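> okay, here's the prediction I keep looking at, along with the sequence it came from:
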Amino acid sequence: GQQLNQSPQSMFIQEGEDVSMNCTSSSIFNTWLWYKQDPGEGPVLLIALYKAGELTSNGRLTAQFGITRKDSFLNISASIPSDVGIYFCAGRGTSYGKLTFGQGTILTVHP
Amino acid sequence: DGGITQSPKYLFRKEGQNVTLSCEQNLNHDAMYWYRQDPGQGLRLIYYSQIVNDFQKGDIAEGYSVSREKKESFPLTVTSAQKNPTAFYLCASRVWGERQPQHFGDGTRLSIL
């Protein structure tokens, strides 16, 4: 089945620093989604990408759908303490197919 | 307010007991999903339903059962056949179509007594 490799597994950064994380797939995806999960809560959708090469921003967050359709990255600029949480990528191979999730990146921001 | 409601937030199961987790959505979404999340791992799909009265097994369906009698409801039963049920369970839904992302409820944490 489809596999997603998300990296890094965890990050420890200082407030104000920029953050970058990425996901790579063993197969082509038509959709990339990025979610954030706070402890004990459900994931919240941050950014959705539907076209190869697409670059989309949501405030301090920017995500890109890789040209090869096998990867995506998420950048967070000028991190703040409330950015702490687990970030997941998810991909879908066909428009109506199931989502495959990465293992998550745990982000810790030190004030 | 529109959204996906999971209940209860915390649930405890005795050995040999079946328990049912509730998931209700008022977003008029066609498709609904159940995922299991274990510490340090991504989400794994248990069951999903594209339409009322129809559902499909996901990657880890053994020991679980579902029903979809109403569009807004998709309950998950964790049966006694599931030998390692302790996990965080997440329900999601979406409009069935291209370019429609999944949205999640706040989860139910199931523990064994």
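Arrived safely, thanks for sending.
> now stretch A:12-23: how far from the chain's centre is it?
Averaging C-alpha coordinates over stretch A:12-23 and over its chain gives two centres that are 12 Å apart (CA atoms, centre = their mean, to the nearest Å).
> what are the buried residues along the strand or helix carrying residue A:21?
Here residue A:21, judged by DSSP states H and E, is contained in strand A:19-25. Of the residues in strand A:19-25, those buried under the neighbour-count criterion (16 or more other CB atoms under 10 Å in any protein chain shown) are A:19, A:21, A:22, A:23, A:24, A:25. C-beta coordinates here come from the backbone N, C-alpha and C atoms, glycine included.
> how much space between residue A:38 and residue A:62?
Distance check for residue A:38 against residue A:62: by CB to CB, to the nearest Å, it reads 21 Å.
> partners of the helix-or-strand element of chain A with minimal mean pLDDT in the sheet?
Among the helices and strands of chain A, strand A:99-101 carries the lowest confidence by mean pLDDT, DSSP states H and E, at a mean of 92. Taking DSSP bridges as the criterion, strand A:99-101 sits next to strand A:85-92 (antiparallel) in its sheet.
> okay, the partner strand in PDB with CA atoms only?
These are the backbone C-alpha positions of strand A:85-92, laid out as PDB (Å, rounded to 0.1, in the frame of the first residue of the first chain):
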ATOM      1  CA  GLY A  85       1.700  20.400  18.700                       C
ATOM      2  CA  ILE A  86       1.900  17.500  16.200                       C
ATOM      3  CA  TYR A  87       1.800  18.200  12.500                       C
ATOM      4  CA  PHE A  88       0.500  15.600  10.100                       C
ATOM      5  CA  CYS A  89       0.700  15.400   6.400                       C
ATOM      6  CA  ALA A  90      -1.900  13.300   4.500                       C
ATOM      7  CA  GLY A  91      -2.200  12.300   0.900                       C
ATOM      8  CA  ARG A  92      -4.800  10.900  -1.400                       C
END
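> now the angle between strand A:19-25 and that strand, please.
Taking axes from the mean of the first three to the mean of the last three CA atoms, to 10 degrees, one finds that strand A:85-92 is oriented at 30 degrees with respect to strand A:19-25.
> fine by me, we can end here.
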